[in-house]
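**Q** quick one, fold the following:
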Amino acid sequence: MAAALPDSVLLQVLALLPLRDRLRAARVCRRLQRLVQDRVLWTDVDLSPHKVGLFPCWGPGRCPHPP
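**A** Predicted coordinates for the structure are as follows:
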């Protein structure tokens, strides 16, 4: 079914997806992988949900990541 859609339509659909879902879509098939890498989708990416301080691991016992 998606094979019948032109790339321009799929790009519009992909543009509506959140970042995580775009990256998941890229793993479905080579065509979607190619489309997800299109510049059009990456001109305005909102990374605010993933905001981390500049130096979150400075200081004893402050690093949220395991060694």
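**Q** tell me the buried residues in the longest helix along the chain?
**A** Counting by DSSP state H, the longest helix found in the chain is helix 7-16. Residues 10, 14 are the ones in helix 7-16 that count as buried (16 or more other CB atoms under 10 Å). Just so you know, the C-beta spots here come from the backbone N, C-alpha and C atoms, and that holds for glycine as well.
**Q** and residue 19, how far from residue 40?
**A** Residue 19 sits 15 Å away from residue 40, going by CB to CB, to the nearest Å.
**Q** on that earlier part again, report the rounded mean pLDDT for the longest helix of the chain.
**A** The pLDDT scores in helix 7-16 average 94.
**Q** hey, C-alpha coordinates of it in PDB?
**A** The C-alpha trace of helix 7-16 is given here as PDB (Å, rounded to 0.1, in the frame of the first residue of the first chain):
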ATOM      1  CA  ASP A   7       7.700  10.000  -1.900                       C
ATOM      2  CA  SER A   8       6.300  13.600  -1.400                       C
ATOM      3  CA  VAL A   9       3.200  12.200   0.400                       C
ATOM      4  CA  LEU A  10       5.300   9.900   2.600                       C
ATOM      5  CA  LEU A  11       7.600  12.800   3.500                       C
ATOM      6  CA  GLN A  12       4.500  14.800   4.600                       C
ATOM      7  CA  VAL A  13       3.400  11.900   6.800                       C
ATOM      8  CA  LEU A  14       6.900  11.400   8.300                       C
ATOM      9  CA  ALA A  15       7.100  15.100   9.000                       C
ATOM     10  CA  LEU A  16       4.100  14.700  11.400                       C
END
